[in-house]
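K.L.:
Quick one: sequence and predicted model below, then my questions.
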Amino acid sequence: MSIGNYVTDVARAVSFLSRFPVPQSVFSGFDGRLSRVARAFPLAGLIIGLLPALVFLVMLGLRADRLMSALVALGVQAIVTGALHEDGLADSADGIGGGRDRDHSLSIMKDSRIGTYGAISLILSFAIRAAAIAAIARAAPPLAAALGVLAVAGVSRGALVWHWHRLPPAKPDGVAAAAGQPGEGTMHTALVSGCLLGAILIWPSLGLLPLVTCLLAAGLSTVAFSVFVRKRLHGHTGDTLGATAQISEIAALCAIAMSL
């Protein structure tokens, strides 16, 4: 793996996962398939998470209320990402919660309108994450809390790649299938880099126990959701990828908050 190719994949991953502009030159010769680019998702998640984490840190430094700071940071994150993963969570909740069977669930997930299950999932996602981030800020110094939030952005993207690799596409003609599927090496690179980024940011600032519980919570929640999706949909979709990132992020933040 050459450094130049990896840097290019990071730029492509940032472009896919966020609204940040990147030079058009990084797409030279790119066929649109993300099967290899996925190895750079954790580092791209870290880059994308820098602005929300910085906003959170500044607000804490100005002695703003911790819960308010957490909600503002999550709002900035949603703007930066275009609410990409939140959209996947809502569509997955509507499809899985409201579908009679596999085909009906997949049909609902294609509908751009949001239903009751989707709305509830978004409310709970923002509420639980904000509460967890505020709890971290109450138990740790502002910089350490911000670094923890930043680390989870990388860890959750690694979890997304594992889900993507382990499950076949639910629809052979779907968007997820057209994007390709990460191979074993790509998945391992994403997982290792996500864990390393988490260790570098969490261990020195928050301690070993929060790091271990963060990784365990993210991993177990991802495995559980993937098993459920395999049984219900027989494979992944673009929506379940986003839902995986959200679910693992929620689990990781709650685990850190509960271990401090």
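P.N.:
Right, received. Where do you want to start? Numbers count the residues shown, from 1 in each chain.

K.L.:
For residue 251, what is the enclosing helix or strand?
P.N.:
Assigned by DSSP states H and E, residue 251 belongs to helix 238-259.

K.L.:
Report the buried residues of that helix.
P.N.:
The neighbour-count criterion (16 or more other C-beta atoms under 10 Å) identifies 238-257, 259 as the buried residues of helix 238-259. Any C-beta I mention is one placed from the backbone N, CA and C, and that applies to glycine too.

K.L.:
Ok, stretch 63-74 next?
P.N.:
By 16+ other C-beta under 10 Å, the buried positions in stretch 63-74 come out as 66, 69, 70, 71, 72, 73, 74.

K.L.:
What is the most widely separated pair among those residues?
P.N.:
The most widely separated members of the buried residues of stretch 63-74, counting by C-beta to C-beta, are 66 and 74 (12.7 Å).

K.L.:
any residues in contact with both of those two?
P.N.:
Counting by C-beta atoms under 8 Å, 6 or more residues apart in numbering, the common neighbours of residue 66 and residue 74 are residue 133.

K.L.:
Over to the nearest residue to residue 153 once chain neighbours are set aside. Which of the three states is it?
P.N.:
Take residue 153 and drop its neighbours on the chain: the residue closest to it by C-beta to C-beta, 6 or more residues apart in numbering is residue 49, 3.1 Å away. Local secondary structure at residue 49 is given as helix here, using DSSP: H, G, I helix; E, B strand; the rest coil.

K.L.:
Quick one: low-confidence residue ranges for the stretch 1-150 of the chain.
P.N.:
Residue ranges of the stretch 1-150 of the chain with pLDDT under 70: 1.

K.L.:
residues touching residue 232, list them.
P.N.:
For residue 232, the residues meeting the contact criterion (C-beta under 8 Å, 6+ apart) are 96, 102, 105.

K.L.:
Now for residue 25, how many residues are close by?
P.N.:
The local packing count at residue 25 equals 8, with neighbours defined by other C-beta atoms under 10 Å.

K.L.:
ignore the last one, residue 113
P.N.:
Residue 113 sits with 8 neighbouring residues when counted by other C-beta under 10 Å.

K.L.:
Backbone torsions only: list them for it.
P.N.:
Note on residue 113: its backbone torsions stand at phi -80, psi 150 [degrees, to the nearest 10].

K.L.:
the helices in this structure, which residues?
P.N.:
According to DSSP state H, the chain carries its helices in the segments 3-17, 41-61, 66-81, 84-98, 102-110, 116-139, 142-166, 175-178, 184-206, 208-233, 238-259.

K.L.:
packing partners for the second one?
P.N.:
Same thing as helix 41-61. With contacts defined as 3 or more C-beta pairs under 8 Å, 6 or more residues apart in numbering; DSSP states H and E, the packing partners of helix 41-61 are helix 3-17, helix 66-81, helix 116-139, helix 142-166, helix 184-206.

K.L.:
same thing but at 10 Å, please
P.N.:
Packing contacts for helix 41-61, counted by 3 or more C-beta pairs under 10 Å, 6 or more residues apart in numbering; DSSP states H and E, involve helix 3-17, helix 66-81, helix 116-139, helix 142-166, helix 184-206, helix 238-259.

K.L.:
Rebuild these as JSON lines, extending it with distance to residue 229.
P.N.:
Converted to JSON lines, the helices and strands packed on helix 41-61 look like this (distance: least, C-beta to C-beta, whole Å):
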{"stretch": "helix 3-17", "distance to residue 229": "20"}
{"stretch": "helix 66-81", "distance to residue 229": "21"}
{"stretch": "helix 116-139", "distance to residue 229": "14"}
{"stretch": "helix 142-166", "distance to residue 229": "8"}
{"stretch": "helix 184-206", "distance to residue 229": "16"}
{"stretch": "helix 238-259", "distance to residue 229": "5"}
